[in-house]
Every structure is written in structure tokens, then in C-alpha cells.
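**Student:** Next one to model:
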Amino acid sequence: MLRKKMNYNLFSKITTSIYDENSFEENKIELALTVDKLLKEKYYVFSKYSIKYIDGSYEVEGEGRRDLINTLKIGYKQNVFRDDITLGVDYTYANDDVNFEGYSSSKNIINTSVKWEF
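**Tutor:** The predicted structure is shown next:
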């Protein structure tokens with residue numbers, strides 16, 4: 001029953017970036033699942049999980065770098081005072097795993113926003 005009241009979105013994206021013809025090219029494949037729900041016709045809760053694979057010509061110690069980035073994002077949005085002003089808060093955790101030691105990283109990000117539509 002809970003599945004019927006949630007909105008699911010699965011998308012994939014394939015991109016190629018060329019920064020300079022002779023120095024850097026990057027290919028990305030991303031797969032993401034987004035789930036959101038409207039609560040009491042007023043509050044909006046969402047989550048997003050994505051996996052991004054990056055293969056670029058950037059080299060470290062003669063080896064081409066390939067990243068596998070896992071991201072989990074959980075957030076909340078609510079109208080405040082009026083329907084055209086929205087307060088948003090979200091938390092993002094990202095883990096970047098590369099194909100050689102010493103360059104992996106993790107990020108914890110808390111984002112807040114106020115949006116006024118007119």
C-alpha cells in the first residue's frame with residue numbers, strides 16, 4: 001500500500017565531455033533512482049540514490065583514473081508562510097572510489113534553501 005502512494009523515477013544518463021582536444025576527455029554513465037512523497041498535501045519528502053561511473057583520460061602516475069561514485073541524498077521541503085515560499089533541507093553522502101589507492105574520498109553535505117516563486 002505504501003508503494004502506491006510514492007512516486008518513483010529511474011533514469012540513466014550517458015555523457016562525454018571534452019575540455020581540451022589534446023589534454024582531457026571524460027565519459028560518464030549515471031544511473032539514479034528517485035523516490036518522493038507528498039504528505040498531508042503540504043509536505044514533500046524525497047530521496048535519491050545514484051551510481052556514477054567516470055572514465056577519463058586524466059592520469060595519475062601513468063594510470064588512467066576511473067571513478068565509481070555512490071551518492072545518497074535525503075531531503076524535505078515545506079511551504080512556509082505562503083504557498084509560493086518553500087523551505088528545503090537535504091543531506092547528501094557521496095563516496096568516490098577510484099581505481100588506485102590514496103585518492104578515495106567521502107563527502108557529507110547539508111544544504112538548506114529558501115525558494116520564492118513569483
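**Student:** Quick check: next helix or strand after the helix or strand bottoming out on mean pLDDT in the chain?
**Tutor:** For the chain, counting by mean pLDDT, DSSP states H and E, strand 43-60 ranks last in confidence among helices and strands (a mean of 79). Using DSSP states H and E, the helix or strand that directly follows strand 43-60 along the chain is strand 63-79.
**Student:** wait, isn't residue 52 in contact with residue 29?
**Tutor:** Yes: using CB atoms under 8 Å, residue 52 and residue 29 qualify as a contacting pair, with a distance of 7.3 Å. Yep, even glycine has a C-beta here, placed from its N, CA and C like the rest.
**Student:** Quick check: can you name the pairing partners of the least confident helix or strand of the chain and their directions?
**Tutor:** Strand 43-60 has the following strand partners under DSSP bridges: strand 24-39 (antiparallel), strand 63-79 (antiparallel).
**Student:** which residues touch the longest one?
**Tutor:** When contacts are defined by CB atoms under 8 Å, 6 or more residues apart in numbering, strand 63-79 is touched by residues 42-59, 85-100, 103, 111.
**Student:** Give me the buried subset of the residues you listed.
**Tutor:** 46-48, 50, 52, 54, 56, 86, 90, 94, 96, 98 (16 or more other CB atoms under 10 Å).
**Student:** Of these, which is the nearest to residue 19?
**Tutor:** residue 56 (9.5 Å; CB to CB).
**Student:** Identify the residues contacting the nearest residue to residue 36 once chain neighbours are set aside.
**Tutor:** Using CB to CB, 6 or more residues apart in numbering and skipping the chain neighbours, the partner closest in space to residue 36 is residue 46 (3.9 Å). Remark: with contacts taken as CB under 8 Å, 6+ apart, residue 46 is in contact with 34-37, 73-77, 90.
**Student:** again, only using 10 Å
**Tutor:** 6-7, 9, 34-38, 73-77, 88, 90 (CB atoms under 10 Å, 6 or more residues apart in numbering).
**Student:** Quick check: residue 102 is in a helix.
**Tutor:** No: remark: residue 102 does not belong to a helix; assigned using DSSP: H, G, I helix; E, B strand; the rest coil, it is coil.
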